[in-house]
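Colleague: the amino acid sequence is not available; the structure is as follows:
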């Protein structure tokens, strides 16, 4: 039965975990402080009380060990969902993720799947310091064998996490920290959209803004401001970085002939770089101007007081749009 509730993204993620654990006894949740505390951002709040310490439990402060245990569980019929407390805290587990999580199916010629989810709160916007606000998506996207998804809304947070837990392949689930408290009506109990499908969040005719995760609200706000100034901007939310939805993205860009990619991560050798390359290769003859990027700067994450200068904002997005070789400029 489909039910609508007004939830924050944090509450939607909690509900997705709760519903998955209720329906499937093989789903287990663990990580640092995810048990009685409910996690730093309270995503796992109440799960230990409701499902017991065998289903939602705390681990030592050892990210490599957390992911290593999850690999063994997934190989033996469980569906583990692990939480890395912050984005940069996941780096000690990177060797496990690259060498084992991503390669197990290929190494065993398809005989051993790893149905596991690695949840990672990521990106900025909360006034955090270094090690708490990294945008690490390019590392995972560059690793064949992983699915990489990131929601921009509470609705997608619920649906994508349900789909990730049900997936037979490992999924890196990137959660934009600054959106945890954004609220909307969430459709619960509906069939979640397939991983690998982007969605057009706003129609437009003059240019296409391509974004994902924390960049989507910025793109939508920029499109709203542009509309008041007489320019129609389309907004595409990737939702899934890997697999990448070339069909939806390229159809959107061909319809406008101009595009700007919006992302918090540093621009060099990034997901935004790959988006520009893919779209240029497939849409070259439809482009009226080179594709622009609005990204974080190529520096370590700055102190909180300078965060607003580092992150893409509406003005920077609209400045990029203004460079797209308009006939009336």
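Modeller: In hand now; what should we look at? Please read all numbers here as calculations on a predicted model, not as lab measurements.
Colleague: and the most centrally placed residue in the chain, what's its pLDDT?
Modeller: The geometric centre of the chain, computed from its C-alpha atoms, lies nearest to residue 150 (C-alpha atoms, centre = their mean), at 1.5 Å. At residue 150 the predicted local confidence, pLDDT, stands at 98.
Colleague: wait, what's in contact with it?
Modeller: 122, 137, 173, 174, 175, 176, 212, 213, 238, 239, 241 (C-beta atoms under 8 Å, 6 or more residues apart in numbering). The C-beta positions use only the backbone N, C-alpha and C, and glycine is treated the same way.
Colleague: which one of those sits in the busiest neighbourhood?
Modeller: Within the contacts of residue 150, neighbour counts (other C-beta atoms under 10 Å) peak at residue 212, which reaches 30 neighbours.
Colleague: that's a strand at residue 220, yeah?
Modeller: No. According to DSSP: H, G, I helix; E, B strand; the rest coil, the state of residue 220 is helix, so it is not within a strand.
Colleague: quick one: contacts for the residue lying closest to it once chain neighbours are set aside?
Modeller: Beyond its immediate neighbours in the sequence, the residue positioned closest to residue 220 (C-beta to C-beta, 6 or more residues apart in numbering) is residue 235, lying 5.5 Å away. By C-beta under 8 Å, 6+ apart, the contact list for residue 235 reads 200, 201, 202, 204, 208, 209, 211, 216, 219, 220, 223.
Colleague: one more time with 7 Å, if that's ok
Modeller: Listed by C-beta atoms under 7 Å, 6 or more residues apart in numbering, the contact partners of residue 235 are 201, 202, 209, 211, 219, 220, 223.
Colleague: ok, residue 8 touching residue 186?
Modeller: No. Counting by C-beta atoms under 7 Å, residue 186 is not a contact partner of residue 8; they are 9.3 Å apart.
Colleague: what about those two, which has more around it?
Modeller: When neighbours are counted by other C-beta under 10 Å, residue 186 comes out ahead of the other of residue 8 and residue 186, with 24 against 17.
Colleague: which neighbouring elements make contact with the helix or strand hosting the more buried one?
Modeller: When secondary structure is defined using DSSP states H and E, the element that contains residue 186 is strand 183-188. Packed against strand 183-188, as judged by 3 or more C-beta pairs under 7 Å, 6 or more residues apart in numbering; DSSP states H and E, are the following elements: strand 3-8, helix 154-166.
Colleague: which positions within that strand qualify as buried?
Modeller: Residues 186, 188 are the ones in strand 183-188 that count as buried (16 or more other C-beta atoms under 10 Å).
Colleague: following it, which helix or strand comes up?
Modeller: Counting by DSSP H and E, the element that comes right after strand 183-188 along the chain is strand 199-202.
Colleague: what strands line up against that next one, and which way round?
Modeller: The sheet places strand 199-202 alongside strand 233-237 (antiparallel), with pairing taken from DSSP bridges.
Colleague: okay then, goodbye and thanks.
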